[in-house]
Structure formats: structure tokens, C-alpha cells
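# got a sequence here, can you build the structure:
(one chain, ligands or ions: 3)
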Amino acid sequence: MGLFTKDIATFDDLFLHQLQDVYYAENQITKALPKMIDKATDPALKGGFETHLRETEGQIRRLDEIFGLLGQEPKGVTCPAIDGIIKEANEVAGDIADKRVLDAALIASAQAVEHYEITRYGTLIAWARQLGQTRAAEILQETLEEERSTDEKLTAMAETRVNVQAELAPA
Ligand code: FE
Ligand code: FE
Ligand code: FE
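Ligands and ions are numbered 1, 2, ... in the order given. Okay, the predicted model is just below:
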């Protein structure tokens, strides 16, 4: 933008910026998930990541639809938060030898991603409603429900099996 203006002037601008942020984040997640699928050993965890990769592709299509409703071209802006969460996930995974411990770490990393998404979509829904973007709010709500359900499935996998197996790794 101009030398004396800031990019975000209005609440509408802020809403658009946040959509662009989550658009970037979802695209980064579609690049990160195939690596997590490769690293995962537990079949249900692997399958869960595969399911969520397909869901994430659908979430990007939903965002495309919302950009369309706003008369905007789909575009991302760098989200340093998701970049940081993914970087940390890769660093930790790279330090783990035992497959069972690695699965527990992958779940923890994936849940950090889901929680970031849950906070972002929660805010976007509130802002869309305030701005009278009722249809956008409904579409965003569908994605929020997928993120919440993914988070809950990860908790269940961790607590019923993956953490129990991780504890068996020899010192
Ligand atoms: Fe997502
Ligand atoms: Fe962000
Ligand atoms: Fe997600």
C-alpha cells in the first residue's frame, strides 16, 4: 500500500486479511500432511491424516467460495504462526528414533495445528456474522466443525492407544 497508509483500514479489511492468513495456513497444511502420513506408523493415525488431508483440500475450496462471495480473488498472506508450528513439528519429529514415540509427537504437533485453526475459524465466524456475511459464516462453520472433530479424534487415538504404546519404547 501507499507510503502513508496502512493495508488494513476497516473491519472488512481485517476480515479479508484473516481469510488470507488462514488460506495460506491451509495451503501449508496440505504440504505438511503428506510428510506426516509418511512418518506415522499407527494405521489409524495414518488414515486419520489421510482423511484430514482430503478435508483440508475441501476447506481450501470453501475459502475460494468465500473469496468469491466477497468479490475477491483467492490469495494468501504469510502466516508466521502456522510456519512456526510446522517448523517445530519437523524439528521434533527429526529428533525421534522410536516409531511409537514419533506417533505420539505427530499427534501433539497435529493438535497444535488444529487448535490454531480452531481459534482462527472461531474468530472469522464471529467477524463474518458481525459484518452481515451470513453465508460466509455458515461455510466457515462447516470447516470449524471438521477441525474440532479432527482434534477430538486425535485425542482419542492418543489416549486410548498411541500414548500407551509410546510409553513402551526402551530407554
Ligand atoms: Fe484446516
Ligand atoms: Fe496466522
Ligand atoms: Fe485442520
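
# what sits against the closest residue to ligand 2 within the chain?
Relative to ligand 2, the nearest point of the chain is Cys79 (3.3 Å; Cβ to the ion). The way it works is simple: take the backbone N, C-alpha and C, and place the C-beta from them, glycine included. Residues near Cys79 by Cβ atoms under 8 Å, 6 or more residues apart in numbering: 21-22, 24-25, 28.

# tell me the residues of this protein that contact ligand 1?
Within reach of ligand 1 by Cβ under 5 Å from the ion, the chain has these residues: 26, 56, 59, 117.

# tell me the helix or strand right after the biggest helix by length in the chain.
As assigned by DSSP state H, the longest helix anywhere in the chain is helix 99-130. Note on helix 99-130: by DSSP states H and E, the next helix or strand toward the C-terminus is helix 134-157.

# can I get that following helix in PDB? Just the C-alpha atoms.
Output of helix 134-157 as PDB, limited to C-alpha atoms (Å, rounded to 0.1, in the frame of the first residue of the first chain):
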ATOM      1  CA  THR A 134     -24.200 -14.900   6.900                       C
ATOM      2  CA  ARG A 135     -23.400 -17.300   4.100                       C
ATOM      3  CA  ALA A 136     -19.600 -17.000   4.700                       C
ATOM      4  CA  ALA A 137     -20.200 -17.700   8.400                       C
ATOM      5  CA  GLU A 138     -22.100 -20.800   7.600                       C
ATOM      6  CA  ILE A 139     -19.400 -22.100   5.300                       C
ATOM      7  CA  LEU A 140     -16.700 -21.300   7.900                       C
ATOM      8  CA  GLN A 141     -18.700 -23.200  10.500                       C
ATOM      9  CA  GLU A 142     -18.500 -26.400   8.400                       C
ATOM     10  CA  THR A 143     -14.700 -26.100   8.400                       C
ATOM     11  CA  LEU A 144     -14.600 -25.300  12.200                       C
ATOM     12  CA  GLU A 145     -16.600 -28.500  12.800                       C
ATOM     13  CA  GLU A 146     -14.100 -30.600  10.800                       C
ATOM     14  CA  GLU A 147     -11.200 -29.100  12.700                       C
ATOM     15  CA  ARG A 148     -12.900 -29.700  16.100                       C
ATOM     16  CA  SER A 149     -13.800 -33.300  15.100                       C
ATOM     17  CA  THR A 150     -10.200 -33.900  13.900                       C
ATOM     18  CA  ASP A 151      -8.800 -32.600  17.200                       C
ATOM     19  CA  GLU A 152     -11.200 -34.900  19.200                       C
ATOM     20  CA  LYS A 153     -10.200 -38.000  17.100                       C
ATOM     21  CA  LEU A 154      -6.600 -37.200  17.700                       C
ATOM     22  CA  THR A 155      -7.200 -37.000  21.500                       C
ATOM     23  CA  ALA A 156      -9.000 -40.300  21.400                       C
ATOM     24  CA  MET A 157      -6.200 -42.000  19.400                       C
END
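
# no more questions from me, cheers.
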